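**Student:** Quick one: sequence and predicted model below, then my questions.
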Amino acid sequence: MPRLLLCLFFLATMITACDLSPTSSHGFRLPDGDAEAGRQVFIDKKCSSCHVIEGMEDLREGLAIENTVPIGGMTTKVDTYGQLVTSIINPSHRISRAYRSEAYSEEGESKMRNYNDELTVSELIDLVAFLQAQYAEFPDY
């Protein structure tokens, strides 16, 4: 009997974890992008005015920006494709605790400029491909 209860609990948990409501993002996936073209989008849209990527520090020369939000590098958890897309098109959705005091406005919104009317879908796809390539996950020992 305890096994049956455990199985029922597991099944109930799995069913409630799958949100297939009209507002669900289940099944959403943009096509694969071109990371090199995304690098150019990063440069053209002047993302380096607030963000720094290892090996691209030269883009920040001459900028007097106090708060810099790093992108990429070694991490314990790489952002998913959906999280990166969301970070670009809805930057106020979630922000790292490490940057809450400096990357938010007084109203609690992200200070990141809204690029939704400036980025084409192709540019977004390529930018996400570029950003994903910047992260490396620590090996799991």
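**Tutor:** On my side now, so go ahead.
**Student:** any idea how far Thr68 is from Cys35?
**Tutor:** One thing to correct before we go on: residue 35 is Ala, not Cys. 22 Å (CB to CB, to the nearest Å). From N, CA and C alone the C-beta is placed, and that goes for glycine too.
**Student:** Kindly apply the preceding question to Thr86 instead.
**Tutor:** 21 Å.
**Student:** Likewise for Val52?
**Tutor:** 5 Å.
**Student:** Find residues that contact each of these two.
**Tutor:** Taking CB atoms under 8 Å, 6 or more residues apart in numbering as the contact rule, Val52 and Thr68 both touch Arg60.
**Student:** Extract the residue ranges of the protein that are flagged as low pLDDT.
**Tutor:** 1-27, 62-67, 76-79, 95-106, 108, 137-141 (pLDDT under 70).
**Student:** buried sites along stretch 53-73?
**Tutor:** Ile53, Met56, Leu59, Arg60, Thr68, Val69, Ile71, Gly72 (16 or more other CB atoms under 10 Å).
**Student:** Understood, closing this out.
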